[in-house]
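**Student:** Take a look and give me a structure for this.
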Amino acid sequence: MDLDLSIFKKAKTNTENISSQESFNIWDTLRARYNSGESITFYSNFRFWNNFKYSFENHKKSNQKTGKNPDFKKILDIGQNALQNQLNTLEKKCSQYEIPVPQKPSTVQKTAVDPEIFTDKFAYRHILKGMQEAVDLHIRAVIETTRNDSLGKLFMDLLKSEFDMYNKMLKYGKAKGWTHVVPKKSL
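**Tutor:** Got it, this is the predicted structure:
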């Protein structure tokens, strides 16, 4: 009689198990991604309305700070597409593991913001801060995902993707002069 008592063999089941912490991390990551998507949609919509308003009125301004960077609009669109892919993946995981989905943001956004005080620089800084927070969230999820290997890979992929987008966004902001300048310290 040959008994194989290896502790490294996985039980053959049709369902993957996840811990309550892993379940929370899926939910929390989806919630944070909804918030990020809402922010990017807000900035994209505001920029569109601002551009439309000024072009419609044929108003030429010498100081083009508000919503005048077409390359920034492209970056927002790329970010929105990447975010939508992440949302789809996380929503599928919620369905797969029977996790309640957080409340989705409204698809209609009304804004009452003075275009003279709202700049692309402000939007950039807010989005960059959100990306920094997402990196923190993904790191926590990677560290806390100890039971489900495929879920750990998903969180690691999200982290790598966020790092990649963050580095590109940081370089863009540096080129535009939008990043905060950290004071130099002499010893």
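**Student:** So in the protein, where's the weakest helix or strand by average pLDDT?
**Tutor:** helix 20-56 (a mean of 80; mean pLDDT, DSSP states H and E).
**Student:** Downstream of it, the next helix or strand is which one?
**Tutor:** Downstream of helix 20-56, the first helix or strand assigned by DSSP states H and E is helix 70-96.
**Student:** Which elements pack onto that following helix?
**Tutor:** helix 20-56, helix 120-144, helix 149-176 (3 or more C-beta pairs under 8 Å, 6 or more residues apart in numbering; DSSP states H and E). Every residue, glycine included, has its C-beta placed from N, CA and C.
**Student:** and stretch 86-99, which residues are buried?
**Tutor:** 86-87, 89-91, 93-94, 97, 99 (16 or more other C-beta atoms under 10 Å).
**Student:** Next: stretch 148-157.
**Tutor:** Counting neighbours by 16+ other C-beta under 10 Å, one finds that the buried residues in stretch 148-157 are 148, 151-152, 154-155.
**Student:** sorry, back to before: quick one, which of the helices and strands packed on helix 70-96 is nearest to L76?
**Tutor:** With C-beta to C-beta as the criterion, L76 lies closest to helix 20-56 of the helices and strands packed on helix 70-96, at 4.8 Å.
**Student:** Measure how far that closest one is from the centre of its chain, please.
**Tutor:** Remark: helix 20-56 is offset 8 Å from the chain centroid, using C-alpha atoms, centre = their mean, to the nearest Å.
**Student:** so what secondary structure elements neighbour it?
**Tutor:** Packing contacts for helix 20-56, counted by 3+ C-beta pairs under 8 Å, 6+ apart, involve helix 70-96, helix 120-144, helix 149-176.
**Student:** Return the most buried member of those.
**Tutor:** Among these, helix 120-144 has the highest mean neighbour count (mean count of other C-beta atoms under 10 Å), at a mean of 17.
**Student:** What angle do helix 20-56 and it make with each other?
**Tutor:** 170 degrees (axes from the mean of the first three to the mean of the last three C-alpha atoms, to 10 degrees).
**Student:** all numbers from here: first residue = 13
**Tutor:** Happy to do that; since the first residue is 13 now, the last one works out to helix 132-156.
**Student:** Who are the packing partners of helix 132-156?
**Tutor:** helix 32-68, helix 82-108, helix 161-188.
**Student:** and that helix with helix 82-108, angle?
**Tutor:** Helix 132-156 and helix 82-108 are oriented at 30 degrees to each other (the same axes, to 10 degrees).
**Student:** quick one: secondary structure of P112?
**Tutor:** Under DSSP: H, G, I helix; E, B strand; the rest coil, P112 falls in the coil class.
**Student:** show me the contacts for it.
**Tutor:** By C-beta atoms under 8 Å, 6 or more residues apart in numbering, P112 lies in contact with 39, 106.
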